[in-house]
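S.K.: return a 3D structure for these sequence lines:
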Amino acid sequence: MDLPDNISCMDWIESSVTMATQEIPADLGEFIPSDLFEDGSEKFLPKLPALSKISTSKGFDEKAVEDSKRLCGQTSFNILVVGSTNGHVRLVAYGISPIAEVDLAAQMTQGGKIISATLSADLQSLSVVMERPENMEQNAQHQVYLMALDCMLLTSRHQELATYAMKHGKIVTYLEYLNSTLNAVSEAWEDILLEMENKLTKYAQQKASDGTVGDEFLQLLMWGRTSPDLQAFLVNDLSEKGLKKLGHSIENSYTNIQKLVLKHIHCVGRALLYHLSEIEGMAQWYDKYGVLGLSTSAVKEAVSSVGSFMLKANELLHVIDTSMKNFRAFFRWLYVVILRLAEEPVPAAISKMMMKDVNFVADFLTENFTDAPQESSPGATKKSGFTLERVGQYLKKSDLQFVQAVVPGSWQSFVESNQFLQESDMLFPHHPEKSLLQLFECLDKTVRSALNLPASSIGQSVKCHGELQLYSVNTTTKEETKPHRCLQQHTVAKDHRLYTLVMTEDSPSASIYLIRQNTAKQGGYREAVCLHFAFLGSPKDDDSVVSQSCSEHQILDAAFYDDKTLSFLLHEKGDGKSDECVSVLCQVLLEALQDEHFTQISSETALGQCENICRFDLGPHVSHYRRLDNMKAGTFAVSGSRKVACVLFGNCRRVRLFDMDAEDEEESLYEDKSTLDVSGIRLEDNGTSEDNKENLSS
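M.R.: Numbering: from 1, shown residues only. You can find the predicted model right below:
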């Protein structure tokens, strides 16, 4: 998937909404039509042949060519959320199919950079953090806003979107397969005939005798006489071995191309026509799929482009078949001539020629042999008049040099003579002057354009119902020296809530805000609480999780460990006798925050200026606690599914991994082996090394 702008953030969301399946009671004999589209392609379409044996492409598994995107077996609807630097947010189903493109710059009359974007698990709300100028002027002071957007169409049609995304994914797979097949066709084509054309052109320029090369070959065919120049050319330049090698190379090349077109291009072309025709039917089912933005006319145009491509592929097969017959007859005659000129014995099986064979070779010479250079258009480079090679032109991204003539009495001749058939939508358009690669580019562009229409339609239905100013930033600060500010978003499917952790000051900060939004209701309200840490742990004697060495901790970073747990990276001072800074890694259960701790906030006041927000001390509620000795931490990342935490040193040169489930002794051993430098080289951590000393002093 190609994006026109730079990506600034990404998030992957697994939907919590259930995918309904139709269940019909066993005792119900009457037919009940399904409310959703059912894909029957596996029943009617053959399996695509593997590409591993014919192409260098590695994007397709030989055992699952149709499922190279790994869509089969997906049990839930998952969406990739992508934010860009120019204010666009894109939702991509299964990471393949664009289903929404939200232009926040158009909605807010002013563009900006998307810092963070996430979608609630119930698909009801899209939460976006955007940085944009304070006014229309591009000044140094930018404001950061938290925006909430309603996704009603996405929510109400999530099952239809999941079905459409699966179909879209299959079509994209077929397009990539077709592109790989065309690359294999280009690899199979050999330009050895161009070498023969160059030799003929050179001979025509250097020969001393009068007349054209075509005339000399015709005289050789009719009278068996040849000039000394032509005899030397045939015996020495072409030669018996060279002509035999040329014939074998051409036949092998053309045969391979024929197999690719018949077995691969025809197979994937039929599959594309099948699936696009089903997409066209889905577009006509407006209540279910048409409302998503599918356009019947755009899909019909895509179907026509596939049909035109298939017609051109059939034309290529006809050209290959005709060329192979021509070359076999011509090379057979020329081989006999060279043997006779070289006074070599001629096998009896190839020495005889019927009158029809003579006429066939004569027509071939008249059509393909001329000394006059051809100029396709004014100002274009003149090309050789010898036109032996006519297959390679179909594999170039330019118009055909030699267009196939319309055979009288053929279907094409009948269509061209009938105005009604030419204007009929039932027939695929034919483009005689276009190459196969040109029509593939048109096919790819047309199909992708038709399939991307729902993204624009659904994106326009996503509306912002509120924004909250978080903090201000100075854009004159370089990106590499900009202080870290925690900004994390997380959705909890069970509670229908979307949380945002944000610092309004540079790290380390005395406090951090936790904002939660109710996604179950349209335009759900937002609440916030200001979190800080004093003493860590419970003051009870029997509790091992306690830190009385610091009465006020600063927050370096914070993140959601899982749906139930918050992780914090803290910074504490010593006992006052030394200036040593100690980093602390701790965790707090989200259930420690009750409803009464949250205060409903208004979008009219900036977050840092809301005086009525409750301040809550999380220190007594710390469930897990670890002092990170001999290191000055900067930021961190946690994963509840993997049970690990990764802490980045303050100098941004090293990282340390922690097993969050390990006991103290196991953790100490694990920690000693888990310090890595940024380049990925594993280092030993032996107490306070020189790097640690440098880190602690920084």
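S.K.: any idea how many residues pack against residue 629?
M.R.: A count of neighbours around residue 629, defined by other C-beta atoms under 10 Å, yields 12. To be clear about C-beta, it is placed using only N, CA and C from the backbone, and glycine gets the same treatment.
S.K.: that one is in contact with residue 582, isn't it?
M.R.: Yes: counting by C-beta atoms under 8 Å, residue 629 touches residue 582, with 7.0 Å between them.
S.K.: which intervals of the stretch 501-650 of the chain have sub-threshold pLDDT?
M.R.: 522-524, 538-549, 573-580 (pLDDT under 70).
S.K.: show me where it has its strands.
M.R.: 512-518, 526-532, 536-537, 546-547, 554-560, 565-573, 581-589, 599-600, 615-617, 622-628, 633-639, 644-649 (DSSP state E, counting those that start in this stretch).
S.K.: let's have these in a markdown table, adding mean neighbour count and distance to residue 72.
M.R.: Shown next, in a markdown table, are these (neighbours: other C-beta atoms under 10 Å; distance: least, C-beta to C-beta, whole Å):
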| stretch | mean neighbour count | distance to residue 72 |
| --- | --- | --- |
| strand 512-518 | 22 | 35 |
| strand 526-532 | 20 | 40 |
| strand 536-537 | 22 | 49 |
| strand 546-547 | 18 | 51 |
| strand 554-560 | 22 | 31 |
| strand 565-573 | 23 | 34 |
| strand 581-589 | 21 | 38 |
| strand 599-600 | 12 | 46 |
| strand 615-617 | 13 | 47 |
| strand 622-628 | 17 | 40 |
| strand 633-639 | 20 | 27 |
| strand 644-649 | 21 | 30 |
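S.K.: just send these back as JSON lines, with distance to residue 260 too.
M.R.: Converted to JSON lines, these look like this (distance: least, C-beta to C-beta, whole Å):
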{"stretch": "strand 512-518", "distance to residue 260": "54"}
{"stretch": "strand 526-532", "distance to residue 260": "58"}
{"stretch": "strand 536-537", "distance to residue 260": "68"}
{"stretch": "strand 546-547", "distance to residue 260": "70"}
{"stretch": "strand 554-560", "distance to residue 260": "51"}
{"stretch": "strand 565-573", "distance to residue 260": "55"}
{"stretch": "strand 581-589", "distance to residue 260": "58"}
{"stretch": "strand 599-600", "distance to residue 260": "65"}
{"stretch": "strand 615-617", "distance to residue 260": "68"}
{"stretch": "strand 622-628", "distance to residue 260": "60"}
{"stretch": "strand 633-639", "distance to residue 260": "45"}
{"stretch": "strand 644-649", "distance to residue 260": "48"}
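S.K.: residue ranges with poor pLDDT in the stretch 251-400 of the chain?
M.R.: 370-385.
S.K.: meant to ask about the stretch 51-200 of the chain
M.R.: 52-64, 109, 135-140, 192.
S.K.: the strand ranked longest in the chain packs against which elements?
M.R.: Across the chain, the strand with the greatest residue count (assigned by DSSP state E) is strand 463-474. The contact analysis (3 or more C-beta pairs under 8 Å, 6 or more residues apart in numbering; DSSP states H and E) places strand 463-474 against helix 104-108, strand 141-150.
S.K.: turn these into JSON lines, including distance to residue 346 and mean neighbour count.
M.R.: JSON lines is the format used below for these (distance: least, C-beta to C-beta, whole Å; neighbours: other C-beta atoms under 10 Å):
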{"stretch": "helix 104-108", "distance to residue 346": "79", "mean neighbour count": "17"}
{"stretch": "strand 141-150", "distance to residue 346": "83", "mean neighbour count": "20"}
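S.K.: which among these is found nearest to residue 39?
M.R.: strand 141-150 (30.5 Å; C-beta to C-beta).
S.K.: which one of the strands of the stretch 501-650 of the chain lies nearest to residue 299?
M.R.: The nearest among the strands of the stretch 501-650 of the chain, by C-beta to C-beta, is strand 512-518 at 37.5 Å.
S.K.: for the longest helix seen in the chain, name the packing helices and strands.
M.R.: When the chain is parsed with DSSP state H, its longest helix is helix 296-341. With contacts taken as 3+ C-beta pairs under 8 Å, 6+ apart, helix 296-341 sits against helix 240-259, helix 266-284, helix 348-351, helix 355-368, helix 436-451.
S.K.: can you list those in TSV and add mean neighbour count and distance to residue 214?
M.R.: Output for these, formatted as TSV (neighbours: other C-beta under 10 Å; distance: least, C-beta to C-beta, whole Å):
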stretch	mean neighbour count	distance to residue 214
helix 240-259	16	18
helix 266-284	19	37
helix 348-351	9	23
helix 355-368	14	6
helix 436-451	19	29
